[in-house]
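In: attaching a predicted model along with its sequence, questions to come.
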Amino acid sequence: LRSELGNMERLSLVGQMAASITHEIRNPMAVVRGFLQLMHEKSPSTLDHYYRIVMEELDRANGIINDFLSLAQNRVTEKTECHLHKIIYDLSPLLWADANLRGQSIELELDENVPELRLNSKEIKQLILNLARNAMESMNVKGQLTIQTKADDNSVELMISDTGAGIPKSKLDELFVPFFTTKDQGTGLGLVLCLSIVEHHKGKITVNSVEGVGTTFVVKFPRTNISPIIYSK
Ligand code: ADP
Ligand code: MG
């Protein structure tokens, strides 16, 4: 099952998002306000329950604002020649700590033929983190996250796979739509941000998923020639 979005769709999605963000931030804020009011009126025994809801809604609002800010950051940021594998190794302690807490494992399958690419390492870190976190969140204990790279003559592929719940076919088209989430504490902006980062690198992102088996997100970067072209007579 494959799903792919082009440049035009992304632009309209971001426009769509700008229009709905006010609405989406106001909703959790209104819940917070309502429960605070109730706390004020009701007996102290109910306070703990309300307090939890208030905190969760505030965190959700915070998450949306943070993800939106990352997305709205201008993308004229520098790219430099760097290695995908170095970025993956830099992230390893963070990913392993996260996986450990969940009782999950991580497997790296890195192709040594992967060349340096022109990348914005901060954005690629964010891309991998978002995809890896989604993968972990889709799995129970004993799940396995696999990060794989593969190079051919024209492109470099980065694959993030999980052995999680999978995505129903009917939901595949909604994955990159702003605010689409199936999680209580989700923002539904993680994949929108991923798509934006991938397109900034002139890449493509696709997803293969089988319900009950797992999901693989594939990011394909064009293999750019980084050595200068010398013209001689
Ligand atoms: P969030 O993680 O905040 O929900 P995302 O944009 O990161 O937002 O993801 C949107 C939705 O896509 C998730 O809520 C989930 O339903 C689905 N999804 C993304 N990645 C995976 C995955 N690896 N396995 C299963 N479902 C996924
Ligand atoms: Mg996410």
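Out: Ah, there it is. Residues are numbered from 1 along each chain as shown. Ligands and ions are numbered 1, 2, ... in the order given.
In: any idea how far residue 160 is from residue 57?
Out: 30 Å (CB to CB, to the nearest Å). Yep, even glycine has a C-beta here, placed from its N, CA and C like the rest.
In: ugh, wrong one, I meant residue 120
Out: 18 Å.
In: quick check, central residue of the protein?
Out: In the chain, the centroid-proximal residue (CA atoms, centre = their mean) is residue 130; its distance is 3.0 Å.
In: tell me the contacts of it?
Out: Neighbour list for residue 130: 190, 191, 193, 194 [criterion: CB atoms under 8 Å, 6 or more residues apart in numbering].
In: tell me the least confident of the residues you listed?
Out: Across the contacts of residue 130, the bottom pLDDT score, 90, is held by residue 193.
In: burial count for that residue?
Out: Residue 193 is flanked by 21 other residues according to other CB atoms under 10 Å.
In: so it is in which element?
Out: According to DSSP states H and E, residue 193 maps onto helix 190-200.
In: so which elements touch that helix?
Out: The contact analysis (3 or more CB pairs under 8 Å, 6 or more residues apart in numbering; DSSP states H and E) places helix 190-200 against helix 7-41, helix 47-72, helix 121-137, strand 204-210.
In: by mean pLDDT, show me the worst of the ones you listed.
Out: What stands lowest among the helices and strands packed on helix 190-200, in mean pLDDT terms, is helix 7-41, with a mean of 70.
In: of residue 120 and residue 160, who's got more company?
Out: Neighbour count, other CB under 10 Å: between residue 120 and residue 160, residue 160 has more, with 22 against 18.
In: surely that one is in a helix?
Out: No: assigned with DSSP: H, G, I helix; E, B strand; the rest coil, residue 160 falls outside any helix and is strand.
In: ok, back up a step: run the contact check for the helix holding residue 193 versus ligand 1.
Out: Yes: using CB under 6 Å from any ligand atom, helix 190-200 reaches ligand 1 at 190, 191.
In: do the same with stretch 100-117
Out: No: Stretch 100-117 lies apart from ligand 1 when judged by CB under 6 Å from any ligand atom; the minimum separation is 12.5 Å.
In: what sits up against that stretch?
Out: 81-85, 88, 95-96, 99, 136, 139, 141-151, 156, 201, 221, 223-224, 226.
In: out of these, list just those in helices.
Out: In this view, the contacts of stretch 100-117 that belong to helices under DSSP state H are 84, 85, 88, 95, 96, 99, 136.
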